[in-house]
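Colleague: From the sequence below, what's the structure:
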Amino acid sequence: MRILVTGGAGYIGSVVTRQLVEQGDNVVVYDSLLRGHRRAVHSDAVFVQGDVADRDLLERTLREHRVEAVMHFASLIEAGESMKQPAVYFRNITAGSLTLLESVLAQGIEMFVFSSTAAVYGTPESLPVQEDAPLKPTNVYGQAKLMVEHMLAWFSQLHGLRYAALRYFNACGAEPPLGEDHQPESHLIPLAMQAVMGQRPQLQLYGTDYPTRDGTCIRDYIHVSDLASAHRLALQALAQGRGPLVYNLGSERGYTNLEVVQAVGRVMGKPVPYVEAPRRPGDPDALVASSARIRADLGWRPRYTDLDSIIATAWAWRQAHPNGYADR
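Modeller: A predicted model of the protein is given here:
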């Protein structure tokens, strides 16, 4: 299949691209490199540097490469930042996705896989959260993603677009030669590793007064390779004429931030230095997603189910790349 992967120079998009190329698909990576890395783009993929707000370039790219399906990962990702810069996030995620969807429909493309987020649920009423749970985002990031899901539903109803929206929370781990290297870094596991390595003075543990077993937030962690395989399965289902599809991708087991910090210390063999910090606006108390639906419908089976094993893959990559993609 001829597939456009937006955000294919980013953490998850680069792993998806690698898996698609290795299964024989023709992939075009479309990325602004605002947060992505050119070195993360697979050598057998076509690379186009561009922003999803650039409709002319998008349509030219889709047309020239005769794209049949789009997988959309290009997005800002920091929930805390979204509460400080809401306009930036609505413009990047919601408006940018609308421009991309307009281009997709104009070119007659019928398949679209959207990287959504479990943040669309806000603070769920029960755990693990199911796909039919109320959608009540508590931060701008989740709201912006939910607005894209609403657009997809309407475009499916009115234009016949077959789409999949995949909701997940914390991607983690590494699939060599690819790993996690955000600029700036905002994810707990790499931040904790940097603190142990002395690349930052200490880790800030945001919020220790939540109604959880140790006072810190509870989150779901999924290995990036397993996320990528779920996106491929969703696209295959769309190619078979199915859709629309909405799935959670979760481990169905939640870990507190403090438990994750302790696990990083175990894997690295040295405690993580940290200090307690105030809560970040918009952070739900606990968020753990059920993946029963995608397991039953598409046969998705995550390979990584143990947090320490997931962290070990991230640590192996970080040991080989202490400064991330700058070392390559």
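Colleague: As a check, name the ranges of all helices in the stretch 151-300 of the chain.
Modeller: With DSSP state H, counting those that start in this stretch, the ranges of helices along the stretch 151-300 of the chain come out as 188-197, 224-239, 257-268, 292-298.
Colleague: So for Val52, which of those sits nearest?
Modeller: Nearest to Val52, of all those, is helix 224-239, at 17.6 Å by CB to CB. In short, each C-beta sits where N, CA and C put it, glycine included.
Colleague: what about that closest one, average pLDDT?
Modeller: Mean per-residue pLDDT for helix 224-239: 98.
Colleague: Quick one: list the elements packing against that helix.
Modeller: With contacts defined as 3 or more CB pairs under 8 Å, 6 or more residues apart in numbering; DSSP states H and E, helix 224-239 has these neighbours: helix 11-22, strand 69-72, strand 111-115, strand 162-167, strand 170-172, strand 245-248, helix 292-298.
Colleague: nearest spatial neighbour of Arg295, skipping sequence neighbours?
Modeller: Arg301 (7.0 Å; CB to CB, 6 or more residues apart in numbering).
Colleague: in this protein, which spans are strands?
Modeller: Counting by DSSP state E, the chain has strands at residues 2-6, 26-31, 46-49, 69-72, 111-115, 162-167, 170-172, 203-206, 218-223, 245-248, 254-256, 274-277, 286-287.
Colleague: how deep is the residue nearest to Arg295 tucked in, by neighbour count?
Modeller: 13 (other CB atoms under 10 Å).
Colleague: mind checking the backbone torsions on the residue lying closest to Thr17 once chain neighbours are set aside?
Modeller: Nearest non-adjacent residue to Thr17, counting by CB to CB, 6+ apart: Gly8, 4.6 Å away. Backbone torsions of Gly8, given as degrees, to the nearest 10, read phi -70, psi 0.
Colleague: Sketch out the low-pLDDT regions of the protein for me.
Modeller: 328 (pLDDT under 70).
Colleague: Kindly report the domain assignment for it.
Modeller: Residue ranges for the domains of the chain, per automatic domain parsing: 2-171+222-248, 188-219+252-327.
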